[in-house]
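**Q** pasted the sequence and its predicted model underneath.
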Amino acid sequence: MDSSKTVNDDAGLSPKRRRVGLLYDERMCKHYDSTDHPENPNRILAIWDKLQSFGIHQRCVIFNAKEAEDKHIALVHTKKHIDFIKDISSKKFDSQRDRISASFNSIYFNRGSSEAACLAAGSVVEVAEKVAKGELDSAFAIVRPPGHHAEANEPKGFCLYNNVAIAASFLLNERTELGINKILIVDWDVHHGNGTQKMFWKDSRVLFFSVHRHEFGSFYPGGDDGSYVMVGEGPGAGYNINVPWENRSCGDADYLAVWDHVLLPVAKAFDPDIIIISAGFDAAINDPLGGCCVSPYGYSIMLSKLMEFAGGKIVLALEGGYNLKSLANSALACVEVLLYDKPIAGSLEAGPFESTWRVIQSVREELSAYWPILAKKLPEEVTSKRKTSQILISSSDSDGEYDNGPRTISGDHEASIEHLIQPLQNLKVEDGDDQAASVSPSWRSELSKIDIWYATYGSNMRESRFLCYIEGGQVEGMRKSCAGSVDKSRPKASRWRTFPHRLFFARDYTATWGPGGVAFLHPESNSQDKAYMCLYRVTLEQFNDVLTLENIPSSSIKGPLFDLADLQSIEDKKCIAVEAVKRGWYHNVVYLGKEDDIPILTMTCTLSDVDSFKSGKFPICAPSKGYASTLVKGLIEGKRISNEEAVAYIEESSTKEL
C-alpha cells in the first residue's frame with residue numbers, strides 16, 4: 001500500500017491542476033541539540049504550519065518520510081560513513097557522542113540523529129522517483145538535517161547525508177528505465193554545496209549550479225572549492241558552475257541577473273530531464289547566517305523561470321534557512337509556484353551590485369569554452385544597471401505580504417543584522433556551554449604584555465596601509481575598509497630588513513584591491529632569494545587581530561589564534577599553520593629569527609598552497625597597477641631602495657617563475 005496520504009483523489013483534480021507532492025514527517029524533529037542551535041526542529045515545523053495555514057496541504061499529495069536503503073546511500077557515501085551515521089545514535093555512544101561531534105566541522109549528534117538522517121535521504125529519493133515516473137509533476141521534500149555539505153566520508157556543516165546527491169545518483173544509476181539521463185541540480189543555499197560538487201565532479205550527466213556567498217574563500221565552507229574556476233574535471237569539465245558572491249547583501253536583482261545571464265542559457269543548452277533544487281532559504285532577508293536579501297518574490301521568480309525546463313519536473317529539497325519567518329514565507333511562495341499559482345506580486349526597484357556583474361562576466365568567460373552561448377559579451381545597457389543606496393522590494397519580504405508587514409528594506413539592512421551574522425564554522429557544537437562563553441577575555445590582557453616583530457612584505461610595508469589593520473580605515477586603492485584591532489595603539493617601532501625568501505604574486509582577485517594577484521612570501525628560505533620587509537613592533541594581541549583580519553575579514557576573534565604556547569614552539573617548528581583560519585590565504589605563521597631578542601613573525605600561505613600555485617590549481621597573477629603602486633610606495637618609504645629599484649623588484653617578483 002502506498003505510504004502517501006492524498007487529501008484529494010484523482011477525480012477531484014482539475015485538468016489544469018498539477019499534482020504536487022509534499023513530504024513532511026515529524027520524526028525528523030528527533031534530531032536536535034540541547035543548545036539554542038540554528039538547525040533545529042522548529043525549521044520544518046514553521047514551514048508545515050505556514051503551508052497548513054494557507055490551505056496548501058489540501059491541494060497537494062502528502063507523503064510520510066521513507067527511510068533510505070543503505071545501497072542507495074552507498075551511491076555517494078562510503079560504507080564507513082554509512083555505518084558511522086547509523087551507529088552514532090546508539091546507546092553505546094551516549095557518553096562519547098558530544099566529544100565525537102565536536103571533532104567534526106559544525107556537526108551535532110543525539111539519539112535521534114541516525115533516524116532523521118536516514119529519513120531525510122530516503123524522503124528526497126522517494127519524491128524524486130515519483131516525479132521521474134510522472135506520478136507527481138513536482139514535489140517539495142521538507143526534510144532535515146540538510147545535506148549539501150556532507151561529503152563522501154564526512155558529515156559537515158549541519159549535514160549528515162547528502163540527500164540531493166543520493167536522489168540524483170539513484171535516478172541515474174538505479175532507475176535507468178525511467179529515462180532520466182540528465183539532471184540539473186540548482187543549489188541556491190547561501191553556502192556553497194561543496195559535498196554535491198565533489199560527488200559529481202567528473203559526471204557530465206549532472207549539471208551542478210551553485211550560487212553562494214564566497215568572499216574569496218572566507219565565507220563558509222571556505223577555501224577555493226566555491227570559486228568560479230572550479231568547473232569540473234574530465235567528462236565533467238564544464239558541468240560544474242559556481243557563482244561566488246564577493247559580498248553579503250545580495251538580493252533579488254543579483255540572483256535574477258545570474259539566472260538570466262548564466263543559469264538559464266546553460267540550462268536551455270543542457271536540456272535536463274529533471275531538476276533537483278537544493279532549496280536552502282538562508283539567503284533570505286533577515287537570515288542570521290546568510291546576510292543576504294532575497295525575498296519570497298525573488299524565490300518565486302527564480303523557481304518559475306526554472307519551471308520552463310524539464311516539463312516542470314522539479315524536486316525541491318530543503319537545505320538551510322534559519323529565520324523561521326522568512327524560511328516559511330519563502331517556502332510557501334515556492335510551493336505556490338509549483339501549483340502553477342502566479343508568483344506573488346512584486347517588482348525590482350534596484351539593479352544588481354557592481355560586483356555581481358563582475359562575477360557574472362568572470363563566470364561566463366570561464367565557461368564559454370564549454371557553453372558557447374556564454375561567449376557573447378553582455379551589452380552595456382544590461383550591465384549598467386546598478387544597485388542604488390536603498391534597496392526597495394515592492395514584493396513581500398520575510399515580514400511582508402504574508403504577514404502584512406513592511407515592504408521596504410533600508411540600504412542599512414546589512415548593518416542592522418551584522419551582530420547576527422557569523423561564519424558557520426564558529427557554530428561547531430562543543431561539550432557543555434557555548435564555545436565562545438568558555439574563552440576567557442583575559443587572554444587579551446596576557447598577550448598585550450608580549451611584543452613581537454610583525455614582518456610585512458605586501459601592501460602592509462606602507463605604514464598608512466598597515467595602520468588600517470590597527471586603527472581601522474582605508475587608504476587609496478582599497479575597495480573596503482578595515483575594522484582595526486581592539487588595541488589601536490600604534491606600533492612601538494619599525495625598521496627594514498631583508499630575508500632570504502621569495503616574494504611572488506598569486507590569486508587573481510581580492511575584495512580589498514580588486515583584480516590582480518596579491519603578495520605571498522615563500523615559506524621556505526633560499527639563499528638565492530631576497531625579500532624586502534618592514535618590521536613593526538606590536539603586541540601579540542594585535543598580531544592575533546591582524547591574523548584574523550587577513551584571513552576572515554567578516555569574523556570577530558573570540559580567542560587567540562596564535563598564543564604563548566605557539567610563540568614558544570615556533571622557533572623550533574619554523575612555521576605553524578593556524579587551523580582556526582585554515583581556509584584563509586595567510587594562515588601560515590612563519591618564524592624569521594629575532595631582532596633585539598624579540599621574535600620576528602610573518603604570515604603567508606602554506607607549502608601545499610605553493611604546490612597548488614605551481615600546478616595551476618590556483619592562479620599565479622601579476623598585481624594590478626594600483627596594488628603594485630602601493631607596494632612601490634611602501635618600499636620607497638623604507639628609504640632602502642630607489643623608485644626604479646622598487647619597480648624592478650616588484651616586476652621581477654611578478655614575472656620570475658615560481
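**A** Good, I have the coordinates.

**Q** quick check: buried residues in the helix ranked longest in the chain?
**A** Ranked by residue count and defined by DSSP state H, the top helix of the chain is helix 113-133. Using 16 or more other Cβ atoms under 10 Å as the test for burial, helix 113-133 gives 113-132. C-beta here means a position set from N, CA and C on the backbone, and glycine is covered the same way.

**Q** can you list the weak-confidence ranges in this protein?
**A** Along the chain, segments meeting pLDDT under 70 span 1-16, 341-349, 386-441, 553-557.

**Q** now with 80, please.
**A** 1-17, 341-350, 381, 384-441, 479-481, 509-512, 514, 552-558, 583 (pLDDT under 80).

**Q** ranges for the helices of the stretch 1-150 of the chain?
**A** Remark: helices assigned in the stretch 1-150 of the chain by DSSP state H, counting those that start in this stretch are 42-53, 70-73, 79-87, 97-102, 113-133.

**Q** break down the stretch 401-550 of the chain into its strands, ranges please.
**A** 408-409, 451-456, 493-499, 503-506, 509-510, 514-515, 518-521, 531-539 (DSSP state E, counting those that start in this stretch).

**Q** any chance of a markdown table for those, columns mean neighbour count?
**A** Output for those, formatted as a markdown table (neighbours: other Cβ atoms under 10 Å):
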| stretch | mean neighbour count |
| --- | --- |
| strand 408-409 | 18 |
| strand 451-456 | 24 |
| strand 493-499 | 16 |
| strand 503-506 | 23 |
| strand 509-510 | 20 |
| strand 514-515 | 16 |
| strand 518-521 | 24 |
| strand 531-539 | 23 |
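
**Q** which one of those strands lies closest to residue 653?
**A** Closest to residue 653 of these is strand 503-506 (Cβ to Cβ; 4.3 Å).

**Q** for the closest one, packing partners?
**A** strand 518-521, helix 643-655 (3 or more Cβ pairs under 8 Å, 6 or more residues apart in numbering; DSSP states H and E).

**Q** what's the most buried one of the ones you listed?
**A** Mean neighbours per residue, mean count of other Cβ atoms under 10 Å, is largest over the helices and strands packed on strand 503-506 for strand 518-521, with a mean of 24.

**Q** send the alpha carbons of that strand over as PDB?
**A** Provided in PDB are the C-alpha atoms of strand 518-521 (Å, rounded to 0.1, in the frame of the first residue of the first chain):
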ATOM      1  CA  VAL A 518      48.400  39.700  -4.200                       C
ATOM      2  CA  ALA A 519      51.800  39.200  -2.500                       C
ATOM      3  CA  PHE A 520      52.800  36.000  -0.900                       C
ATOM      4  CA  LEU A 521      56.200  35.000   0.700                       C
END
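
**Q** chain center to it: distance?
**A** Centre-to-centre, strand 518-521 and its host chain are 24 Å apart (Cα atoms, centre = their mean, to the nearest Å).

**Q** in its sheet, which strands sit next to it, and in what direction?
**A** Strands that pair with strand 518-521, judged by DSSP bridges, come out as strand 503-506 (antiparallel).

**Q** what about the residue nearest the centre of the chain, which SS state?
**A** For the chain, residue 191 is the residue whose C-alpha lies nearest the centre (Cα atoms, centre = their mean; 3.4 Å). Classification of residue 191 by DSSP: H, G, I helix; E, B strand; the rest coil places it in coil.

**Q** my guess is it contacts residue 225, does it?
**A** No. Residue 191 lies out of contact with residue 225 (Cβ atoms under 8 Å); the separation is 11.1 Å.

**Q** so the spatially closest residue to residue 501 that is not a sequence neighbour bridges to which residues?
**A** Distances taken as Cβ to Cβ, 6 or more residues apart in numbering put residue 531 closest to residue 501, at 4.7 Å, once the chain neighbours are dropped. In this entry, residue 531 is beta-bridged to residue 499, by DSSP bridges.

**Q** next, count neighbours for residue 325.
**A** 19 (other Cβ atoms under 10 Å).

**Q** checking it next. Helix, strand or coil?
**A** Here residue 325 is helix, with the state taken from three-state DSSP.

**Q** cool, and residue 317?
**A** Quick answer, by three-state DSSP: residue 317 is strand.

**Q** and it, what does it touch?
**A** 124, 141, 143, 147, 163-164, 167, 276-279 (Cβ atoms under 8 Å, 6 or more residues apart in numbering).

**Q** closest to residue 459 among these?
**A** Nearest to residue 459 among the contacts of residue 317, counting by Cβ to Cβ, is residue 278 at 37.9 Å.

**Q** can you tell me the closest non-neighbouring residue to the closest one?
**A** residue 187 is the one closest to residue 278 (Cβ to Cβ, 6+ apart), at 3.9 Å.

**Q** likewise for residue 362?
**A** In space, residue 362 is closest to residue 228, 5.4 Å off (Cβ to Cβ, 6+ apart).

**Q** what does residue 264 give?
**A** residue 305 is the one closest to residue 264 (Cβ to Cβ, 6+ apart), at 6.2 Å.

**Q** pretty sure that neighbour contacts residue 259?
**A** Yes. Contact status for residue 305 versus residue 259: in contact at 5.6 Å, counting by Cβ under 8 Å.

**Q** okay, those two: which has more neighbours?
**A** Each of residue 305 and residue 259 has its neighbours counted (other Cβ under 10 Å); residue 259 has more, 22 against 17.

**Q** Three-state assignment for that one, please.
**A** Put simply, residue 259 is helix when judged by three-state DSSP.

**Q** how far away is the closest residue to residue 603 other than its chain neighbours from residue 45?
**A** Nearest residue to residue 603 in three dimensions, chain neighbours excluded: residue 586, at 4.4 Å (Cβ to Cβ, 6+ apart). Taking Cβ to Cβ, to the nearest Å as the criterion, residue 586 is separated from residue 45 by 43 Å.

**Q** just confirm residue 337 is within a strand.
**A** No. When classified by three-state DSSP, residue 337 is found to be helix rather than part of a strand.

**Q** quick one: contacts for it?
**A** The contact partners of residue 337, taken as Cβ under 8 Å, 6+ apart, are 300, 303-304, 307, 343.

**Q** among the residues you listed, name the ones in helices.
**A** Per DSSP H, the contacts of residue 337 map to helices at 300, 303-304.

**Q** how about the CA coordinates for stretch 620-633, as CSV?
**A** The C-alpha coordinates for stretch 620-633 follow below in CSV (Å, rounded to 0.1, in the frame of the first residue of the first chain):
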residue,chain,number,x,y,z
ILE,A,620,49.6,33.0,-10.4
CYS,A,621,48.8,36.5,-11.4
ALA,A,622,50.7,39.8,-11.6
PRO,A,623,49.5,42.6,-9.3
SER,A,624,47.1,45.3,-10.5
LYS,A,625,48.6,48.7,-11.2
GLY,A,626,47.1,50.2,-8.1
TYR,A,627,48.2,47.4,-5.8
ALA,A,628,51.7,47.5,-7.3
SER,A,629,51.9,51.2,-6.8
THR,A,630,51.1,50.8,-3.1
LEU,A,631,53.9,48.2,-2.8
VAL,A,632,56.4,50.6,-4.5
LYS,A,633,55.4,53.5,-2.3
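
**Q** need the contact partners of it.
**A** Contacts for stretch 620-633 (Cβ under 8 Å, 6+ apart): 458-459, 461-462, 465, 475-477, 504-508, 513-519, 613, 643, 646-647, 650, 654-655, 658.

**Q** and it, what's buried?
**A** 620-624, 627-633.

**Q** how far does that stretch sit from its chain's centre?
**A** Centre-to-centre, stretch 620-633 and its host chain are 28 Å apart (Cα atoms, centre = their mean).

**Q** that older thread, how close does the residue nearest to residue 264 get to residue 60?
**A** To residue 60, residue 305 is 22 Å away according to Cβ to Cβ.

**Q** look up phi and psi at the residue lying closest to residue 158 once chain neighbours are set aside.
**A** Nearest non-adjacent residue to residue 158, counting by Cβ to Cβ, 6+ apart: residue 39, 4.3 Å away. Note on residue 39: backbone dihedrals following degrees, to the nearest 10 are phi -90, psi 90.

**Q** wait, residue 39 touches residue 319, no?
**A** No. The pair residue 39 and residue 319 fails to qualify as a contact (Cβ under 8 Å) at a distance of 10.2 Å.
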